[in-house]
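J.: I would like to see how this sequence folds:
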Amino acid sequence: MDYVSVDVMWTLIGAAMVFFMQAGFSLCEAGLTRAKNTGNILMKNLMDFCIGTPAYWLVGFGVMFGGSGAVIGKLDPFILGSYDFGSLPKWCYVIFQTVFCATAATIVSGAMAERTKFSSYCVYSALISLVVYPVSGHWIWGGGWLSQMGFHDFAGSCAVHMVGGIAACIGAATLGPRIGKYDKEGKPRAIPGHNLTAVALGVFILWFCWFGFNGCSTVSMSSDEAVAAASLIFMNTNLAAAVSTCVVLAATWICYGKPDVSMCLNGSLAGLVAITAGCDAVDPFGAFFIGLAAGALVVFSVEFLDKTAKIDDPVGAVSVHGACGMFGTLAVGLFAADGGLFYGGGFRLLGIQAVGVLSVAAWTAVMMTIIFQVIKRTIGLRVEPDIEIDGLDLHEHGLASAYSGFAVHDVMGTMDINENTDLGEDDPQAASQAQLDAAVPVIRTTDYTQTELNEIGSTAASEADTGIYKVAIIAKLSRFDKLKKALNDLGVTGMTVTQVMGCGIQKGAGEYYRGVEMDATLLPKIKIEVVISSIPVEKVIETAKKTLYTGRIGDGKVFVFHVARVVKIRTGEENSDALRDVE
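T.: Reported below is the predicted structural model:
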């Protein structure tokens, strides 16, 4: 195999890996949003690539690399510039650049998720691939004025990620926040994603593909210098991502009391984005500090956008790609081994990097503002409120659920956060009767309200004294095995168990999601129903109390009903006889 073949193979492998990033973005965005919009997210990621490919082939590539596109390439190369592909065949380089264009386009999908018209999104996707990305890309990579100044963006912190991040910011701001994201006082509410497993898989896919995104941007592997450069790029890419993740882990653990899973996953991407511009120009020490700063920046940026700027970005795309892409580009001027400020190179390279960041940011912001405003005032940008509430899958794609056979409805309360009350004793044997009663209250048929009765799905029973009782116990799922054994030991052999959701006066769990205090959520519970006659009801109640008790309000609740009549279908026996299991 000759040197040219090695270079072509290396570049085409890189193109395939960067293409596979679409799978990673799809999983990340779908997992960080609600299940009712999964199909819509997947369609947008699919169409980013499928619309962007012909748009970039027809127009975009010619704008970016003058003289080589299907249409624009016919124009005067003096106006558009020209590009020397070196030893690579033209179409090898075209497909390599096409997948980078698709990456920039798909960044916007997550920030505009859950409330954007699909048709409007398709129009945006075409326009960013036709004009916005290619023009700034020409300045940086196509022989334009920034590249002539010495601007350095090796694999696209600015050209790809910052462009996508700024477009995402303009789009999310133009749309406005999702319904329910902010309360009347403007305080953000957490809207958790439905599948962190998908998010994690998406991040690992992206991390793997980033080795192709950065490493294969050498477009060569046919010399010792190219091999050494690719090795350094792989090392820097991995190190920055890992360090950034560790910083986010520590920051969220300190700030929120627990390490935030989704933010840590965003932290990995933040480090990858930040190192992309200078992965070939910095040493591992520089990569370490770039990752360190990116981790802190992404946490600050997510909180700033959510709480101060009031820009609703469900997946953190603006912070990961916009803020960290901007920082990573500037970081070249600080940490570049040849010319960086911290390596004795003075301010010249940093100044060039700053000019590039400001010019590309201005171009992208102006163009995307015009594009989104025109779409908004013509075909409309945002779906109607009832469509948003029902979910875009149903109305935009005729898809009842992307998870056929699984419940996809959001179960969220609107109560204020209220921590559980500590009763001061976690041993049921040592607890007083008052503590047991507070932790596991008992409601009898003479005590319950109709609302409480409806909540547990029962009809008021007759007060006739048959000596038969139904006991319905609402408890934590973690206590089920212990309670089942205790009831069996008591002599209870039959029970009905249902998984339910709910919370009492403890108002659910007050936790943080991506730096935002969550509204009280309905907690997973179980409802155990038993009907008894020969076993004293007070023994059942006492057993339930002692088994479920942990010393904190919210351990459960016991409902006691009089049963007027029981009929066994098989034999026709009634009341106590119907409850016997003797053949």
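
J.: in the protein, where is pLDDT below threshold?
T.: 1-3, 67-86, 405-430, 434-440, 443-465, 503-511, 517-522, 552-553, 580-583 (pLDDT under 70).

J.: which helix runs longest in it?
T.: helix 224-256 (DSSP state H).

J.: helix or strand right after that one?
T.: Counting by DSSP states H and E, the next helix or strand C-terminal to helix 224-256 is helix 261-276.

J.: now do the helix or strand following that next one: which elements does it pack against?
T.: Sequence-wise, the next helix or strand downstream of helix 261-276 (DSSP H and E) is helix 284-303. Applying 3 or more Cβ pairs under 8 Å, 6 or more residues apart in numbering; DSSP states H and E, one finds that helix 284-303 contacts helix 224-256, helix 261-276, helix 324-335. Heads up, the C-betas are built off the backbone N, CA and C, glycines and all.

J.: hey, which of these is tucked in deepest?
T.: helix 261-276 (a mean of 29; mean count of other Cβ atoms under 10 Å).

J.: which elements pack onto that one?
T.: With contacts defined as 3+ Cβ pairs under 8 Å, 6+ apart, helix 261-276 has these neighbours: helix 196-210, helix 224-256, helix 284-303, helix 324-335.

J.: one step back: for the helices and strands packed on helix 284-303, give me TSV that also has distance to Leu487.
T.: Formatted as TSV, those follow (distance: least, Cβ to Cβ, whole Å):
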stretch	distance to Leu487
helix 224-256	39
helix 261-276	36
helix 324-335	55
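
J.: now for those helices, which one comes closest to Gly356?
T.: Minimum separation from Gly356 across the helices and strands packed on helix 284-303 (Cβ to Cβ) falls at helix 324-335, 6.7 Å.

J.: using PDB, list the CA coordinates for that closest one.
T.: Presented in PDB, the C-alpha positions along helix 324-335 are these (Å, rounded to 0.1, in the frame of the first residue of the first chain):
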ATOM      1  CA  CYS A 324     -16.600  25.400  25.700                       C
ATOM      2  CA  GLY A 325     -16.000  25.700  21.900                       C
ATOM      3  CA  MET A 326     -15.300  29.400  22.400                       C
ATOM      4  CA  PHE A 327     -13.000  28.800  25.400                       C
ATOM      5  CA  GLY A 328     -11.100  26.000  23.600                       C
ATOM      6  CA  THR A 329     -10.400  28.200  20.600                       C
ATOM      7  CA  LEU A 330      -9.000  31.000  22.900                       C
ATOM      8  CA  ALA A 331      -7.100  28.400  24.900                       C
ATOM      9  CA  VAL A 332      -4.900  27.800  21.900                       C
ATOM     10  CA  GLY A 333      -3.500  31.300  22.400                       C
ATOM     11  CA  LEU A 334      -2.800  30.400  26.000                       C
ATOM     12  CA  PHE A 335      -1.500  26.800  25.900                       C
END
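
J.: got the angle between it and helix 284-303?
T.: Counting by axes from the mean of the first three to the mean of the last three Cα atoms, to 10 degrees, helix 324-335 points 150 degrees away from the direction of helix 284-303.

J.: helix 324-335 packs against which elements?
T.: Secondary elements touching helix 324-335 (3+ Cβ pairs under 8 Å, 6+ apart): helix 163-175, helix 261-276, helix 284-303, helix 348-377.

J.: most tightly surrounded among those?
T.: Greatest average neighbour count among those goes to helix 261-276 (a mean of 29), per mean count of other Cβ under 10 Å.

J.: so that helix versus helix 284-303, what angle?
T.: Using the same axes, to 10 degrees: helix 261-276 against helix 284-303 is 130 degrees.

J.: chain center to helix 261-276: distance?
T.: Centroid separation between helix 261-276 and its chain, computed with Cα atoms, centre = their mean, to the nearest Å, is 12 Å.

J.: angle of it against helix 163-175?
T.: Using the same axes, to 10 degrees: helix 261-276 against helix 163-175 is 130 degrees.

J.: what angle do helix 261-276 and helix 196-210 make?
T.: Using the same axes, to 10 degrees: helix 261-276 against helix 196-210 is 10 degrees.

J.: can I get helix 261-276 as PDB, trimmed to CA atoms?
T.: In PDB, the C-alpha atoms belonging to helix 261-276 read as follows (Å, rounded to 0.1, in the frame of the first residue of the first chain):
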ATOM      1  CA  VAL A 261     -25.000  12.100  36.500                       C
ATOM      2  CA  SER A 262     -26.200  14.100  33.500                       C
ATOM      3  CA  MET A 263     -23.800  17.000  34.200                       C
ATOM      4  CA  CYS A 264     -20.900  14.600  34.500                       C
ATOM      5  CA  LEU A 265     -21.700  13.300  31.100                       C
ATOM      6  CA  ASN A 266     -21.900  16.800  29.800                       C
ATOM      7  CA  GLY A 267     -18.500  17.400  31.400                       C
ATOM      8  CA  SER A 268     -17.000  14.700  29.300                       C
ATOM      9  CA  LEU A 269     -18.300  16.400  26.100                       C
ATOM     10  CA  ALA A 270     -17.100  19.800  27.400                       C
ATOM     11  CA  GLY A 271     -13.600  18.600  27.600                       C
ATOM     12  CA  LEU A 272     -13.700  17.000  24.200                       C
ATOM     13  CA  VAL A 273     -15.100  20.200  22.600                       C
ATOM     14  CA  ALA A 274     -12.500  22.400  24.400                       C
ATOM     15  CA  ILE A 275      -9.500  20.400  23.300                       C
ATOM     16  CA  THR A 276     -10.500  20.100  19.700                       C
END
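
J.: hmm, back to that, tell me which of the helices and strands packed on helix 284-303 sits nearest to His194.
T.: Closest to His194 of the helices and strands packed on helix 284-303 is helix 261-276 (Cβ to Cβ; 11.5 Å).

J.: give the contact list for Cys169.
T.: Contact analysis of Cys169 by Cβ atoms under 8 Å, 6 or more residues apart in numbering lists 111, 311, 313, 318, 322.

J.: measure the closest residue to the fourth one other than its chain neighbours to Met326 for me?
T.: Setting aside the residues directly before and after it, Val318 is nearest to Cys169 in space (Cβ to Cβ, 6 or more residues apart in numbering), at 4.4 Å. Going from Cys169 to Met326 by Cβ to Cβ, to the nearest Å gives 11 Å.

J.: now Ala126
T.: When distance is defined by Cβ to Cβ, Ala126 is 26 Å away from Met326.

J.: number of residues surrounding Ser5?
T.: A count of nearby residues for Ser5, using other Cβ atoms under 10 Å, gives 11.

J.: wait, a helix at it?
T.: Yes. Under DSSP: H, G, I helix; E, B strand; the rest coil, Ser5 sits within a helix.

J.: look up how far His562 lies from it.
T.: Going from Ser5 to His562 by Cβ to Cβ gives 86 Å.

J.: so which of the helices and strands packed on helix 284-303 gets nearest His161?
T.: Nearest of those (Cβ to Cβ): helix 324-335, 3.5 Å.

J.: many thanks, I have nothing further to ask.
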